[in-house]
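Participant: okay, sequence plus prediction incoming.
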Amino acid sequence: MERYTKGVEEMRPHRRDTAYLMMLLLLGLFGCGEPSENNNNNPQRDLSLTQTTEDGVFTLQYGEFTDQEGKTYTSIPMNEYFTFILTIKPKDSTKTLKAPTITAEMPDHGHGMNTKPVIEDLGDGKYRVKGMLFHMPGWWKLSIKDFSGDGVEREVAFNVEL
């Protein structure tokens, strides 16, 4: 009898492990759900390099992508540090500007970049943005805000697909 009881005790961890494996399998099969409406193949997503603020007061454009050695790219490289030029043009020339706050996130994944960009004011509404790194493929949202010197909070978001 003692031997039989010992065998059952030895078997219980295996049952627990089997139950965990079954739960993981079921989660994998049924827990993923439908892809989000923001998936990478969204034909309605605007990928333009120029955006205007909602109130029409400023137009922002970004481009001129380079790496740390100055090599130029036609688009944002994946998993490589890059620099770009941001141009902010007010509709009314009396509007003042200040260096913007720039962030990037992957809305489908709930995380942002692993780096913090450095922004250099080049004058005349142009800014060099260094130290950007989009470390994985997918949809990125590049947000530019706090650039207006008039105290009105404005934000422009660019969609980027890698």
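Facilitator: Okay, I see it.
Participant: going forward, measure contacts between C-alpha atoms and count neighbours the same way
Facilitator: OK.
Participant: I'd like the next helix or strand past the helix or strand of the chain with the lowest mean pLDDT.
Facilitator: Every helix and strand in the chain was compared by mean pLDDT, DSSP states H and E; the lowest is helix 2-30, with a mean of 54. As assigned by DSSP states H and E, the chain's next helix or strand after helix 2-30 is strand 50-52.
Participant: in whichever helix or strand comes after that next one, what counts as buried?
Facilitator: Downstream of strand 50-52, the first helix or strand assigned by DSSP H and E is strand 58-66. For strand 58-66, a neighbour-count test (16 or more other Cα atoms under 10 Å) marks 58-63, 65-66 as buried.
Participant: just stretch 123-136 next, same as before
Facilitator: Under the neighbour-count rule (16+ other Cα under 10 Å), stretch 123-136 has 125-135 buried.
Participant: okay, and which of the residues you listed map to strands?
Facilitator: Residues of the buried residues of stretch 123-136 located in strands (DSSP state E): 126-132.
Participant: can I get the residues you listed in TSV with pLDDT and distance to residue 161?
Facilitator: Formatted as TSV, these follow (pLDDT from 0 to 100; distance: Cα to Cα, whole Å):
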residue	pLDDT	distance to residue 161
126	98	24
127	98	22
128	98	21
129	98	19
130	98	19
131	97	19
132	98	15
